[in-house]
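Trainee: below are the sequence and a predicted model; questions follow.
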Amino acid sequence: AQSVTQPDIHITVSEGASLELRCNYSYGATPYLFWYVQSPGQGLQLLLKYFSGDTLVQGIKGFEAEFKRSQSSFNLRKPSVHWSDAAEYFCAVGVRGGGNKLTFGTGTQLKVEL
Amino acid sequence: DVKVTQSSRYLVKRTGEKVFLECVQDMDHENMFWYRQDPGLGLRLIYFSYDVKMKEKGDIPEGYSVSREKKERFSLILESASTNQTSMYLCASSLPPGLAGGSKPYNEQFFGPGTRLTVL
């Protein structure tokens, strides 16, 4: 069965600094990979996804992620963080034949210092 | 815009009560999902429905049941609420794989705002 690990429970960055959130997956084949964001009091919103092809994917709100097969990783990055990016971020994996079901990581809570 | 609504944002129930959590989506999506979200555990799938009257157990179905009588509505039922079911419950909907352009192996799940359930 597939699994997702987000090693960082909490991360604090200063506004304007760069950000990288880590995500590692376990699956025997190439998975489908997603990053979702949950702002306080809100449901989850899709930031970006990877199915195949170019391993660097661009998403909304200036985020990008890079799929690295050799490291089983799909890390989320942003070059300059804004205070409004403070939220919880979830990495998720889907598998072929999975019927659109996802397995989520435990989440990383991002705090932005002004 | 896709809209997924959940009947309550906050709910307080007593142990042993039967609890209904309702979810409605307005985008004619076949797939609907119920998750619970707990600190340090992320989102865990309780049940999944891939069409009306169709359901499939997720990773943690014990203590829960679901009902999908109409395409737009997916209900989560706690037959006899217990304190360990205190949690945030999130509903989501999506098109099935292969639709929304024909080439997508996965389609985005759209989430409701969640219901925070407290069982006393």
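Mentor: It's in.
Trainee: wait, B:S8 sits on B:P113?
Mentor: No: using Cβ atoms under 8 Å, B:S8 is not in contact with B:P113, being 10.1 Å away. (Each C-beta comes from the backbone N, C-alpha and C, glycine too.)
Trainee: contacts only, for the residue in chain B positioned nearest to chain A.
Mentor: Closest to chain A within chain B is B:F111: 3.4 Å, counting by Cβ to the nearest Cβ. If you count contacts by Cβ atoms under 8 Å, 6 or more residues apart in numbering or on different chains, B:F111 has them with A:36, A:43-45, B:4, B:90-92.
Trainee: run the last query once more with 10 Å
Mentor: A:36, A:38, A:42-46, B:2, B:4, B:6, B:23, B:33, B:35, B:43, B:90-94 (Cβ atoms under 10 Å, 6 or more residues apart in numbering or on different chains).
Trainee: ChimeraX command to pick out the buried ones of the residues you listed?
Mentor: Here is the ChimeraX command that selects the buried residues among the contacts of B:F111 (16 or more other Cβ atoms under 10 Å in any protein chain shown):
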select /A:36,38,43,44,45,46 /B:4,6,23,33,35,43,90,91,92,93,94
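Trainee: tell me which parts of chain A are close to chain B?
Mentor: Neighbours of chain B within chain A, by Cβ under 10 Å from any Cβ of the partner chain: A:1, A:4, A:6, A:9, A:31-34, A:36, A:38, A:41-46, A:49, A:51-52, A:88, A:90-92, A:94-107, A:109.
Trainee: and the longest strand along chain B, which residues are buried?
Mentor: When chain B is parsed with DSSP state E, its longest strand is strand B:42-51. By 16+ other Cβ under 10 Å, the buried positions in strand B:42-51 come out as B:42-43, B:45-50.
Trainee: one step back: filter the residues of chain A next to chain B down to the buried ones.
Mentor: The neighbour count (16+ other Cβ under 10 Å) marks A:4, A:6, A:31-34, A:36, A:38, A:43-46, A:49, A:51, A:88, A:90-92, A:94-95, A:98, A:100-107 as buried among the residues of chain A next to chain B.
Trainee: tell me the secondary structure at the spatially most central residue of chain B.
Mentor: For chain B, the residue sitting closest to the mean C-alpha position, by Cα atoms, centre = their mean, is B:W34 at 2.2 Å. Three-state call for B:W34 (DSSP: H, G, I helix; E, B strand; the rest coil): strand.
Trainee: once you drop chain neighbours, what's closest to the residue in chain A that chain B sits nearest to?
Mentor: The nearest approach of chain A to chain B comes at A:G43, 3.4 Å away (Cβ to the nearest Cβ). Nearest non-adjacent residue to A:G43, counting by Cβ to Cβ, 6 or more residues apart in numbering or on different chains: B:F111, 3.4 Å away.
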